[in-house]
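# Kindly return the folded structure for what I paste below:
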Amino acid sequence: MPETPSVPNTNPKLSGMAVALSPSSLPTNTETGIPIFTDEHHPQQKKLTLIPLIFLIFFEVSGGPFGEEPAVKAAGPLYTILGFLIFPFIWSIPEALVTAELATAYPGNGGYVIWASEAFGPFWGFLLGWWKFVSGVINLPAYPMLCIDYLKLAYSPLSHGWPRTLSICLSTVILSFLNYTGLTIVGWTAVFLGTVAILPFVIMAFGSLPSIKPHRWLSTEPAHKDWTRFFNTLFWNLNFWDSISTMAGEVDKPQTIFPKALFSAGIFTCLGYIIPLLAVIGSLELADSDWGNGFLAEASGRIVGRWLKFWVEAGAVLSGIGLFEAQLSSVSFQLLGMGELGILPAFVTRRSPWFNTPTFGVVVCAASSIAISFMSFNDIISSANFLYGCGMMLEFASFLWLRWRKGEVRRPYRVPMGMAGVVGLCLVPAAFIVFVMVLARKMVYAISAGVTVVGVGAYFFKRWCRLGNPLESAKPAPDAPGMEGVIRLVSGIEMADSD
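Numbering: from 1, shown residues only. Below is the predicted model of the structure:
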């Protein structure tokens, strides 16, 4: 294996941990020069295996059918059923395929940040990471809010005022501490939570069979449809397939496990949405106004009995916990990966001495979640979707560029298409992103523009200040394998091809 030249560390800000993880001691992808952190460098770390990874992906994306009710209220039964049947082929499958190929080719923490940096340079890696970070943090408070929406059915004071605010803030702190205790614990907790949350819908589906009337699936009411809310709800319920890539460095044998986990979670997720929809719509005569957040619990009680209603309500709370844990893990490890790549200062790479978790990432994300929790649920969905869409456009572009210009990089899993095929694969979801963005309100445009300006300003401020770059010596030489003709800009240092 060719050895990546190292540069002596001259950064006085490096912590002892950063020195211990100096690039000269790290294995690198021979084609890209990107450091790969392994068990040898985190000896106390336990890696994620297949089953926990499947359930973490499930919770990154879905967590069960909780939250799909607004789609029925916005566009009616027929369009909602069609949406959850068709949208996975338009969006979920392409995103999962891109994730499977690039996460196995570049198996390090940071995921899509690594991909954009490899394709276009560290500025674009930072910008993609910034968009995804803000999107992820905006999403975080939605999950405690969903939990409270179900709990208020049993305890009405939680529906408004300081009891609701206090319960959201307190649950965020407790769940963040659980996340801090380690990714292995979070993974197996997700297995338990997912099983308990999904099982009542299996029971409900069987219980609904005698009452199913298929003509109810064809209803197109209401007459006035809220397409913006409908598509935002679909998008919010079926995206974030790439979020798991930020933890690739924590996965055991990611080159073989990632494709299996993504495929299994995809089947699990799609069935988890469509089966409860068919059961409830087909077996009950309902008005459009019935389909508010939390209605699935009421529907299960009507179909089977009150005991199942209570189980679904409890399952919704457990699902919200799983969603929060998975999303917080993804965003916090993304920050860790950006620090390991030198895109963020060295201090963000510090891990807990007890649990090996990214301390800075967990604390910052939890605090941000509490601050954002006062937005309305619909505002959270719209803002997160727009920023996530911006990131996905750049992510698809990175995928196509890497396939075209770095096709020689070893890919343990490769999307079984040629260049024309993968272009078509990315164009369809990209067109949908543009469609969703066009439907956004002016306020969403303004917020997204402001977030982008802040991110760009932070990047160039960091470059100007020359804050710590713990992996400065990890930058491959211009003539390193696979680096011909590539220009790199890391912390203001240009590296150009010398041939």
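
# give the contact list for the residue lying closest to Gly182 once chain neighbours are set aside.
Nearest residue to Gly182, sequence neighbours excluded (Cβ to Cβ, 6 or more residues apart in numbering): Phe355, at 4.3 Å. For glycine as for every other residue, the C-beta is placed from the backbone atoms N, C-alpha and C. Contact analysis of Phe355 by Cβ atoms under 8 Å, 6 or more residues apart in numbering lists 180-182.

# Just the residues you listed: which are in helices?
Tyr180 (DSSP state H).

# Return a ChimeraX selection command for the buried portion of the contacts of Phe355.
Command for ChimeraX that selects the buried part of these, burial taken from 16 or more other Cβ atoms under 10 Å:
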select :180,182
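
# how about the contacts of Phe355 in TSV, adding distance to Leu140 and pLDDT?
Shown next, in TSV, are the contacts of Phe355 (distance: Cβ to Cβ, whole Å; pLDDT from 0 to 100):
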residue	distance to Leu140	pLDDT
Tyr180	15	94
Thr181	18	93
Gly182	19	91
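
# how about Ser264, what does it touch?
Going by Cβ under 8 Å, 6+ apart, Ser264 touches Ile54.

# helix or strand for it, which one?
Assessed by DSSP states H and E, Ser264 sits inside helix 254-283.

# Identify each buried residue in that helix, please.
So, applying 16+ other Cβ under 10 Å, buried residues of helix 254-283: 254-255, 257-259, 261-266, 268-270, 272-283.

# Quick check, Gln132 in contact with Gly391.
If you look again at residue 132, you'll see it is Lys, not Gln. Yes - here Lys132 reaches Gly391: they are 4.6 Å apart, a contact under Cβ atoms under 8 Å.

# more neighbours, these two?
A direct count of neighbours by other Cβ atoms under 10 Å for Lys132 and Gly391 places Lys132 higher, at 28 against 24.

# any idea how far the more buried one is from Val422?
Going from Lys132 to Val422 by Cβ to Cβ, to the nearest Å gives 21 Å.

# Next, the angle from the lengthiest helix in the chain to helix 254-283.
For the chain, the helix that runs over the most residues, judged by DSSP H, is helix 306-340. Calculated by axes from the mean of the first three to the mean of the last three Cα atoms, to 10 degrees, helix 306-340 forms an angle of 150 degrees with helix 254-283.

# could you say what helices and strands helix 306-340 packs with?
Helix 306-340 is packed against helix 50-61, helix 112-120, helix 122-139, helix 142-151, helix 161-180, helix 183-208, helix 295-303, helix 359-372, with contacts defined by 3 or more Cβ pairs under 8 Å, 6 or more residues apart in numbering; DSSP states H and E.

# Show the average pLDDT along it.
Mean per-residue pLDDT for helix 306-340: 93.

# Buried ones in that helix, by neighbour count?
308-340.

# Low-confidence ranges, the protein, go.
Within the chain, the ranges that satisfy pLDDT under 70 run 1-46, 375-381, 466-499.

# Tell me which residue lies nearest the centroid of it.
The centre of the chain sits closest to Ser243, judged by Cα atoms, centre = their mean, with a distance of 3.0 Å.

# Tell me which residues touch the residue lying closest to that one once chain neighbours are set aside, please.
Among residues not flanking Ser243 along the chain, Ser330 sits closest, at 4.1 Å (Cβ to Cβ, 6+ apart). Contacts for Ser330 (Cβ under 8 Å, 6+ apart) come out as 60, 136, 240, 243-244, 246-247.

# Point out the ones among these that are inside helices.
Those of the contacts of Ser330 mapping onto helices are 60, 136, per DSSP H.

# for the contacts of Ser330, which one is nearest Ile203?
Comparing the contacts of Ser330 against Ile203 with Cβ to Cβ places Glu60 closest, at 25.4 Å.

# was I right about the closest one contacting Ile244?
Yes - between Glu60 and Ile244 there is a contact at 5.5 Å, judged by Cβ under 8 Å.

# Could you check how far stretch 357-365 is from the centre of its chain?
Between the centre of stretch 357-365 and the centre of its chain there are 16 Å (Cα atoms, centre = their mean, to the nearest Å).

# Not counting its own residues, what contacts that stretch?
Stretch 357-365 has contacts (Cβ under 8 Å, 6+ apart) with 136-137, 140, 176, 179-183, 328, 331-336, 339, 347-352.

# can you dump the C-alpha coordinates of it into CSV?
In CSV, the C-alpha atoms belonging to stretch 357-365 read as follows (Å, rounded to 0.1, in the frame of the first residue of the first chain):
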residue,chain,number,x,y,z
THR,A,357,-19.3,9.6,22.0
PRO,A,358,-18.8,13.0,20.4
THR,A,359,-19.3,15.3,23.5
PHE,A,360,-19.4,18.6,21.6
GLY,A,361,-21.8,17.3,19.0
VAL,A,362,-24.3,15.9,21.5
VAL,A,363,-24.3,19.1,23.7
VAL,A,364,-24.6,21.5,20.8
CYS,A,365,-27.3,19.6,19.0
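
# Mind listing what's buried along it?
357-362, 364-365.

# Can you add distance to Ile114 and give those back as TSV?
Output for the buried residues of stretch 357-365, formatted as TSV (distance: Cβ to Cβ, whole Å):
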residue	distance to Ile114
Thr357	20
Pro358	16
Thr359	22
Phe360	19
Gly361	16
Val362	21
Val364	20
Cys365	20
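
# Tell me which two of these sit farthest apart.
Going by Cβ to Cβ, the pair spanning the buried residues of stretch 357-365 furthest: Thr357 and Val364, at 12.9 Å.

# Contacts only, for Val173.
Shown in contact with Val173 (Cβ under 8 Å, 6+ apart): 366, 370.

# again with Lys260
By Cβ under 8 Å, 6+ apart, Lys260 lies in contact with Leu50.

# and it, how far is that from Pro345?
Separation of Lys260 from Pro345 (Cβ to Cβ): 36 Å.

# How about Glu408?
33 Å.

# These two: which is more packed in?
Set Glu408 next to Pro345 and count neighbours by other Cβ under 10 Å: Pro345 wins out with 17 against 9.
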